[in-house]
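Visitor: Structure, please.
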Amino acid sequence: MKILVTGGAGFIGSAVIKNLIKHGDHQVCNVDNLTYASNLEALSDVELSGRLETKVVDICDFSALKACFELFSPDAVMHLAAESHVDNSILSPESFINTNIVGTFNLLEIARSYVENLSLRRKQAFRFVHISTDEVFGSLGKNGLFSENSPYDPSSPYSASKASSDHLVRAWYRTYGLPTIITNCSNNYGPFQFTEKLIPKIITNALMGQKIPIYGDGSQIRDWLFVEDHAIALALVLDKGRPGETYNIGGACEKTNLDVALMILSILDKVKPLKDGSYTSLITHVEDRLGHDLRYAVDISKIKNQLGWVPQYDFERGVFQTVNWFLKQVYLSREVD
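Guide: Residues are numbered from 1 along each chain as shown. Predicted coordinates:
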């Protein structure tokens, strides 16, 4: 299968591409604008496979994006390109509106026109998988889980832009019959994640001896999903998911932000101890984020029952693997210096 992946040099996108190439006979076109959080080194494992090409294209550039479709002739699209850091969306929402909404619109329109000209066999097999977030549902109370039918109630400019893109994707399925599928995932973590996110920030700040900021009292709860588990789930959705459907993808692992920090720092205390004291002394509670949602957690029973997917990584194993990866990066950077 020929798969066009947007945002394939990003954290989740690169994991998706590696999984597709290592565990299938797919050809992949990675369409990525190579913004600040992109990392082509994350694709080094598969760059010599002969089945990966990268096009440096902004999905807001309609003409350049259309040319990618015409030249590559994909059998499917996996759309991951997005601005995703909530803090940045609060400070400067414009790029989130452009990339997450306008960029998605461009993809949908180009895909719609492209599919109309395919043979009947290829038209019936074509899929457009839109990867989204559980943040579109807003904040949960202390109990319950988000289902695929939960109402949208986004809090931040980021989640509002992703909610908008979800609505566009559903509309293109219902109005034009474009065979789209939506996934909403919980918080991802793992190797290669950019250091603005919570887990890599905790690890890297600790290793550099810098303060580790925790919003408010750290009681915010997130459902943590190891990125390789997510990549496997997305490949399964592409292969077996039904057009018009939505699938929640989560790690079934709820932790408060403070508990996440304490677990990571406990691991560092064991594998790379300080001469004096504990890394936990670096924790600093800071003013809470504007509109900060208290809890996210998704019900994964639909993807489990219909597609047979369950996460394989428990949190301790995933975090330990992530910490070790970041430790190696620090060691290698010092070797280079």
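
Visitor: Name the residue most distant from the centre of this structure?
Guide: The C-alpha centroid of the chain is most remote from Asp276, which lies 37.2 Å away (Cα atoms, centre = their mean).

Visitor: Does that one belong to a helix, a strand or coil?
Guide: Here Asp276 is recorded as coil under DSSP: H, G, I helix; E, B strand; the rest coil.

Visitor: So for it, what's the pLDDT?
Guide: Note for Asp276: predicted pLDDT of 92.

Visitor: can you give me the helices in the stretch 1-150 of the chain?
Guide: Applying DSSP state H, counting those that start in this stretch to the stretch 1-150 of the chain gives helices spanning 11-22, 62-72, 86-91, 94-96, 103-116, 120-125.

Visitor: How about the second one, which residues are buried there?
Guide: Spelled out, that is helix 62-72. Buried residues in helix 62-72, counting neighbours by 16 or more other Cβ atoms under 10 Å, are found at Phe62, Ala64, Leu65, Lys66, Cys68, Phe69, Phe72. Every residue, glycine included, has its C-beta placed from N, CA and C.

Visitor: follow-up on the earlier one: how far away is the residue farthest from the centre of the chain from Gly209?
Guide: Distance from Asp276 to Gly209, counting by Cβ to Cβ, to the nearest Å: 12 Å.

Visitor: and stretch 179-194, how far out from the chain's middle?
Guide: Here stretch 179-194 is found 3 Å from its chain centre; the criterion is Cα atoms, centre = their mean, to the nearest Å.

Visitor: Sort out which residues of it are buried, please.
Guide: Neighbour-count burial for stretch 179-194 flags 179-193 (criterion: 16+ other Cβ under 10 Å).

Visitor: Would you mind measuring the gap between the ends of that stretch?
Guide: In stretch 179-194, first residue to last residue: 32 Å (Cα to Cα, to the nearest Å).

Visitor: what about it, average pLDDT?
Guide: Average pLDDT, stretch 179-194: 98.

Visitor: This protein: strands as residue ranges?
Guide: Counting by DSSP state E, the chain has strands at residues 2-6, 27-32, 52-56, 76-79, 127-133, 180-185, 187-189, 212-215, 221-226, 246-249, 254-256, 283-286.

Visitor: right, so of those, which gets closest to Asp293?
Guide: strand 221-226 (9.2 Å; Cβ to Cβ).

Visitor: Other residues contacting that closest one?
Guide: With contact meaning Cβ atoms under 8 Å, 6 or more residues apart in numbering, strand 221-226 is reached by 134, 185-190, 249-257, 260, 294-298, 311-313, 315, 318.

Visitor: again, but for stretch 86-93
Guide: For stretch 86-93, contacts defined as Cβ under 8 Å, 6+ apart pick out 83, 95-96, 135, 156-159, 161, 196, 289-291.

Visitor: Are any of those residues buried, and if so which?
Guide: The neighbour count (16+ other Cβ under 10 Å) marks Glu83, Phe96, Glu135, Ser156, Pro157, Tyr158, Ser159, Ser161 as buried among the contacts of stretch 86-93.

Visitor: these two touch, right, the fourth one and Glu135?
Guide: Which is Ser156. Yes - using Cβ atoms under 8 Å, Ser156 is in contact with Glu135, at 7.1 Å.

Visitor: Need the max-distance pair from the buried ones among the contacts of stretch 86-93.
Guide: Using Cβ to Cβ, the pair of those lying farthest apart is Glu83 and Glu135, separated by 12.9 Å.

Visitor: Need the overlap of contacts for the two.
Guide: By Cβ under 8 Å, 6+ apart, the residues touching both Glu83 and Glu135 are Tyr158.

Visitor: is it true that Leu80 touches Leu4?
Guide: No - between Leu80 and Leu4 there is no contact under Cβ under 8 Å: 11.0 Å.

Visitor: got the contact list for Ile267?
Guide: Neighbouring residues of Ile267 by Cβ under 8 Å, 6+ apart: Val319, Phe320, Val323.

Visitor: do that again at 6 Å, thanks
Guide: Ile267 sits next to Val323 when contact means Cβ atoms under 6 Å, 6 or more residues apart in numbering.

Visitor: Let me know the pLDDT of it.
Guide: pLDDT, Ile267: 97.

Visitor: before we move on, the earlier item: can you pick out the most distant pair from the buried residues of stretch 179-194?
Guide: Pro179 and Pro191 (32.6 Å).

Visitor: would a markdown table of the buried ones among the contacts of stretch 86-93 with distance to Pro213 and pLDDT be doable?
Guide: Output for the buried ones among the contacts of stretch 86-93, formatted as a markdown table (distance: Cβ to Cβ, whole Å; pLDDT from 0 to 100):
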| residue | distance to Pro213 | pLDDT |
| --- | --- | --- |
| Glu83 | 21 | 95 |
| Phe96 | 22 | 97 |
| Glu135 | 20 | 97 |
| Ser156 | 18 | 96 |
| Pro157 | 21 | 96 |
| Tyr158 | 19 | 97 |
| Ser159 | 21 | 97 |
| Ser161 | 24 | 98 |
